[in-house]
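Q: build me a model from this:
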Amino acid sequence: MKRLVECVPNFSEGRRPEVVDQIVAAIQSAGGVALLDKEMDANHNRAVVTFVGEPEACVEAAFRGVKKAAELIDLTKHQGEHPRIGATDVCPFIPISGVSNEECVGLAKKLAARVAEELKIPTYLYELAASRPERTDLAVIRKGEFEGLREDIKKNPDRKPDFGPSELHPTAGATVIGARFPLVAYNVNLNTPNVDIAKKIAKGLRFKDGGFRYCKSLGFEIKEKNCAQVSINMTNFTGTGLHRAFEFVKREAERYGVGVLESEIIGLLPQQALIDAAVWYLQLDSFNNNQLLETKLTQAGKPMVDWIEELAAPTPTPGGGSAAALSGSIGASLLSMVCGLTAGKKGYEAAQAELAERKAALDPMRGRFHAFIDKDAAAFDKVMAAFKLPKGTDEEKAKRATAIQEATKGACEVPLEVMALAVEALKHALVIAEKGNKNSITDTGVGAMHLETALKGASLNVLVNLGSLKDEKYLAEKKARCQKLLEEGKELARSIEKVVEKQL
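A: Below is the predicted model of the structure:
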């Protein structure tokens, strides 16, 4: 898998396509990046550009975009609904694959330093890259916008930029650069032009005023549609879903006797955000993403070399549990192959029927092992998600602790199933070693080794997860089952090894 970073610079220009086109051309001139999206909004007078690429290529492309924007956009002549302090108002880096949050923070700092030094544009760091706790919030940095910051930056030490002079660029202002989780820009338009209603709803929605965690919102007037808009930035759609924000806006609007005209997504969003909304509205409580046709097609079409690259990437999943399941799939495949190579061979007539039965049992095992590759990763992802739950109040702490325990139990169950399947396959392997094609005895031996690896590897994942559980009954039961499967599987593996060695 390639090391991919997403970059989503926001430029203060949404009415002149020719200007935005030149900025996009400058970004693409860097090479090594792929443009994913370009959106312009005339009311907000803002453009959002999305591109991806290797980390260093994204830094160079972003710099060229910031430079071109500084040449073409004059903030002293800019007017629009959206808050802004710069020609390039904000430029975040988002990790996509093979890249950590920390690396994206490093990219943000590198770009911020270069913009300040070469373009003389003061830069601020925000979100994960913030140098001060209060600067994680973009709204704090943008307070007063370009016009207010122009004087405040000179005399207020709290407004001192992270890089560059304490003076705005005359026309390009300042730029905010950072690293963050994928953000969803989501707007809900009301069937009223009364912007006061939108502002009241936005205040109730945004977190800093007592609303939903991970929600930032403002109320605007959209003149071209003759309506008011609740404009929302969802900074973590897994913490607060789009459906919750939409339902809140809808119900609050009803209080004022108005309704929702439409909602819209600005730029790109992760597919999971829409899946979560669909699951909530349709009450698909037992739904999982493996039921998606597209998921199965993607899995079926993914070359093994890509998966190996994913395994090598510095990310928690896929990890050892998935690798153990892959070993099981390889082991079952080799044994199935030996059964096939025995069929119809002279001298093996007496074993034909039995080995055919063994093959019929092993073939679906390959698929079951393969399914556990993703199941193990998904189980661990649930554990990580539980650890990220809010813990500000005693109630939140209790819910988080319960969620962690339940997710950890789930992370125990998957490798236990892998162990049980490995033992079942090893039972077949012993018969195949004794009665299968002698010319393929080494294949049988290697298959058994892979199954033993699956057994032992899965046991490690069981034990490491059991170590953090507090349910003594569950802990004792699963530990005993793990030990029993491990001993049974090892005994089978030793027996197979003796048969193989005898026939070499």
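
Q: where in the stretch 151-300 of the chain is pLDDT low?
A: Applying pLDDT under 70 to the stretch 151-300 of the chain picks out residues 296-300.

Q: show me the strands in it, by range?
A: If DSSP state E, counting those that start in this stretch is used as the criterion, the strands of the stretch 151-300 of the chain fall at 175-179, 184-190, 215-222, 227-234, 260-266.

Q: which among those strands is found nearest to Leu421?
A: strand 184-190 (39.1 Å; C-beta to C-beta). (Glycine included, C-beta is placed from N, CA and C.)

Q: quick one: residues in contact with the closest one.
A: Counting by C-beta atoms under 8 Å, 6 or more residues apart in numbering, strand 184-190 makes contact with 48, 197-198, 201, 222, 225, 227-234, 237, 242, 245-246, 249-250, 253, 258-267, 269-270, 273, all of which sit outside it.

Q: can you rerun that using 7 Å?
A: Residues lying outside strand 184-190 but in contact with it, judged by C-beta atoms under 7 Å, 6 or more residues apart in numbering, are 197-198, 222, 225, 227-234, 237, 242, 245-246, 249, 253, 258, 260-267, 269, 273.

Q: run a quick neighbour tally on Lys399.
A: Here the count is done by other C-beta atoms under 10 Å, and Lys399 has 15 residues near it.

Q: ok, now which ones touch it?
A: If a contact means C-beta under 7 Å, 6+ apart, then Lys399 has Leu389 as its contacts.

Q: so Gly321, which state does it fall into?
A: Secondary structure, DSSP: H, G, I helix; E, B strand; the rest coil: Gly321 is helix.

Q: could you point out which element follows the host helix or strand of Phe93?
A: Per DSSP states H and E: Phe93 is located in strand 88-97. Of the helices and strands lying after strand 88-97 in sequence (DSSP H and E), the nearest is helix 101-119.

Q: what's next to that following helix, contact-wise?
A: The contact list for helix 101-119, computed with C-beta under 7 Å, 6+ apart, reads 5, 55, 58-59, 62-63, 66-67, 70, 91, 93-95, 121-123, 125, 128-129, 162-164, 175, 177-179.

Q: ok, 8 Å please
A: For helix 101-119, with C-beta under 8 Å, 6+ apart as the criterion, the contacting residues are 5, 55, 58-59, 62-63, 66-67, 70, 91-95, 121-125, 128-129, 161-165, 169, 172, 175, 177-179.

Q: got it, and stretch 323-331?
A: Outside of stretch 323-331, the residues that reach it under the criterion C-beta under 8 Å, 6+ apart are 311, 365-366, 369-370, 372-373, 375-376, 415, 418, 421-422, 425, 429, 447-451, 453-454, 456-458, 461.

Q: number of nearby residues for the nearest residue to Gly164 once chain neighbours are set aside?
A: Sequence neighbours aside, Ala116 is the residue nearest to Gly164 in space, at 3.1 Å (criterion: C-beta to C-beta, 6 or more residues apart in numbering). Applying other C-beta under 10 Å, we find 21 other residues in the vicinity of Ala116.

Q: and Ala116, how far from Pro92?
A: 17 Å (C-beta to C-beta, to the nearest Å).

Q: one more: Val279?
A: Relative to Pro92, Val279 is positioned 27 Å away (criterion: C-beta to C-beta).

Q: what do you get for Ile27?
A: The gap separating Ile27 from Pro92 is 15 Å, by C-beta to C-beta.

Q: one step back: if any of the contacts of helix 101-119 are buried, put those into a PyMOL selection.
A: Those of these that meet the burial criterion (16 or more other C-beta atoms under 10 Å) are gathered into one PyMOL selection, given here:
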select buried, resi 5+55+58+59+62+63+66+67+70+91+92+93+94+95+121+122+123+124+125+128+129+161+162+163+164+169+172+175+177+178+179
